[in-house]
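1. my questions concern the predicted model and sequence given below.
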Amino acid sequence: MKNKSVLITGGAGFIGSHVVRRFVDKYPDYRIFNLDALTYAGNLENLVDIEDASNYTFIKGDITDEKFINNLFETHKFDKVIHLAAESHVDRSIEDPLAFVKTNVIGTMILLNAFKSCWNDRFEGKLFYHISTDEVYGTLGTTGLFTETTSYDPNSPYSASKASSDHFVRAYGETYGLPFVITNCSNNYGQNQFPEKLIPLFINNIIQRKPLPVYGDGNYTRDWLYVKDHAIAIDLVFHKGKQGETYNIGGFNEWKNIDLVKLLCQQMDLKLKREKGSSLSLITYVKDRPGHDLRYAIDASKIKDELGWKPSVIFEEGLEKTIEWYLSNDDWLKNVTSGAYKAYYEKQYQ
């Protein structure tokens with residue numbers, strides 16, 4: 001694929017920045033274009049180390065701007081797309097569901113149409129790679145795992161918008177022969193994550209000795225995936241995944257929220273040299289989220305068996321690496337926890 005151009009949408013965000021960095025560093029013969037609207041979660045500080053790379057170009061723009069996207073494809077003739085740009089926070093989707101429809105559904109449709117028109121159905125060597133979530137499958141009881149054939153059953157505006165975009169990608173594959181792959185991942189954690197999500201939010205709150213707001217009884221269960229392992233998996237699917245297929249990417253790593261928070265508190269006390277148990281006293285149970293899914297858990301055996309991928313770190317190690325990064329990058333943390341984020345946080349949790 002030498003000299004091919006790859007468009008990565010949402011490349012200044014949490015997962016996207018790790019994917020962009022990996023592709024820029026690992027594939028110098030690729031021309032990597034990072035398209036991001038730089039909304040609250042998009043941050044070019046995530047990519048300062050590669051911003052001057054000769055094979056990297058940043059483009060500020062919105063995937064919901066149809067004219068802009070069409071002109072972009074006409075200009076650069078992107079051979080392949082890795083589509084990560086999305087509104088992704090469930091709490092925000094409950095507050096403003098139409099924003100999620102606009103970005104996650106309409107934005108994906110605009111990209112699909114631009115990709116289709118650009119190549120006029122001549123798709124040899126082309127690929128539209130759509131990144132999705134395990135939340136499209138709904139919720140599990142105390143047993144069972146999500147597989148690639150699990151029926152969709154979304155329960156939040158966020159997961160419904162992602163489910164819709166997944167369906168449109170598959171429909172374009174069936175109707176127009178558009179070459180695609182889809183991956184559905186579990187909860188990501190790691191460096192550069194915007195502190196509205198559980199782990200960076202609680203790291204920041206512990207640093208500042210603020211309450212740790214735990215929804216309900218804290219017994220909601222999630223599978224956690226280290227973001228750098230996710231980037232490796234995306235690389236594998238991009239290069240070796242079978243077109244028209246779906247791959248679930250999970251960490252083989254289930255934790256109840258309250259158990260995760262307790263582990264986080266223990267590690268933070270050690271790192272901050274605070275009295276043992278001091279961070280535990282910050283735990284505060286708050287009113288439950290509407291439609292809160294009990295449990296997500298992914299069966300990632302397909303990507304493991306077909307592409308040889310598996311997580312590289314256990315959760316305790318990945319969590320420690322994450323904590324160390326945030327403690328070593330306090331300027332980054334202070335920059336992203338100012339202004340609009342503070343107003344949102346106060347409205348959502350206080």
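-> Received it, and whenever you're ready, just let me know what you need.

2. going forward, measure contacts and count neighbours with C-alpha atoms only.
-> OK.

3. now do the helices in this structure.
-> Using DSSP state H, the helices of the chain run over 14-26, 66-76, 90-95, 97-100, 107-119, 157-176, 198-207, 227-240, 257-272, 301-307, 315-328, 330-336, 340-349.

4. and residue 290, what pLDDT?
-> Residue 290 is assigned a predicted lDDT (pLDDT) of 88.

5. mean pLDDT added to the helices of the chain, as CSV?
-> Output for the helices of the chain, formatted as CSV (pLDDT from 0 to 100):
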stretch, mean pLDDT
helix 14-26, 98
helix 66-76, 98
helix 90-95, 91
helix 97-100, 96
helix 107-119, 97
helix 157-176, 98
helix 198-207, 96
helix 227-240, 98
helix 257-272, 97
helix 301-307, 98
helix 315-328, 97
helix 330-336, 88
helix 340-349, 51
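
6. just send the ones you listed back as a markdown table, with distance to residue 284 and mean neighbour count too.
-> Formatted as a markdown table, these follow (distance: least, C-alpha to C-alpha, whole Å; neighbours: other C-alpha atoms under 10 Å):
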| stretch | distance to residue 284 | mean neighbour count |
| --- | --- | --- |
| helix 14-26 | 27 | 21 |
| helix 66-76 | 44 | 15 |
| helix 90-95 | 18 | 17 |
| helix 97-100 | 27 | 18 |
| helix 107-119 | 37 | 20 |
| helix 157-176 | 25 | 20 |
| helix 198-207 | 11 | 20 |
| helix 227-240 | 27 | 20 |
| helix 257-272 | 11 | 18 |
| helix 301-307 | 37 | 16 |
| helix 315-328 | 21 | 17 |
| helix 330-336 | 22 | 14 |
| helix 340-349 | 11 | 12 |
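
7. for these, which one sits closest to residue 287?
-> Using C-alpha to C-alpha as the measure, helix 340-349 is the one of the helices of the chain that comes nearest residue 287, at 9.2 Å.

8. in CSV: the helices of the chain, plus distance to residue 249.
-> Converted to CSV, the helices of the chain look like this (distance: least, C-alpha to C-alpha, whole Å):
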stretch, distance to residue 249
helix 14-26, 13
helix 66-76, 29
helix 90-95, 20
helix 97-100, 23
helix 107-119, 21
helix 157-176, 15
helix 198-207, 19
helix 227-240, 7
helix 257-272, 20
helix 301-307, 7
helix 315-328, 15
helix 330-336, 28
helix 340-349, 29
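
9. figure out which of the ones you listed is closest to residue 220.
-> Using C-alpha to C-alpha, the nearest of these to residue 220 is helix 257-272, at 5.7 Å.

10. which one of the helices of the chain lies nearest to residue 214?
-> The closest of those to residue 214 is helix 257-272. By C-alpha to C-alpha, the value is 7.4 Å.

11. so which residues make contact with the closest one?
-> 199, 202-203, 206, 214, 217-222, 275-280, 319-320, 323-324 (C-alpha atoms under 8 Å, 6 or more residues apart in numbering).

12. how about stretch 158-170?
-> 87-90, 93-94, 97, 100-101, 104-105, 108-109, 112, 130, 132-133, 135-136, 152, 154, 180, 182, 244.

13. got the CA positions of that stretch in PDB?
-> In PDB, the C-alpha atoms belonging to stretch 158-170 read as follows (Å, rounded to 0.1, in the frame of the first residue of the first chain):
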ATOM      1  CA  TYR A 158     -25.400   7.100  22.200                       C
ATOM      2  CA  SER A 159     -25.600   3.300  21.600                       C
ATOM      3  CA  ALA A 160     -28.600   3.700  19.300                       C
ATOM      4  CA  SER A 161     -26.700   6.300  17.200                       C
ATOM      5  CA  LYS A 162     -23.700   4.000  16.900                       C
ATOM      6  CA  ALA A 163     -26.000   1.000  16.000                       C
ATOM      7  CA  SER A 164     -27.600   3.000  13.300                       C
ATOM      8  CA  SER A 165     -24.200   4.000  11.800                       C
ATOM      9  CA  ASP A 166     -23.100   0.300  11.900                       C
ATOM     10  CA  HIS A 167     -26.200  -0.600   9.900                       C
ATOM     11  CA  PHE A 168     -25.600   2.000   7.300                       C
ATOM     12  CA  VAL A 169     -22.000   0.900   6.800                       C
ATOM     13  CA  ARG A 170     -23.200  -2.700   6.200                       C
END
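
14. how far does that stretch sit from the chain's center?
-> In terms of C-alpha atoms, centre = their mean, to the nearest Å, the centre of stretch 158-170 is set 15 Å apart from its chain centre.
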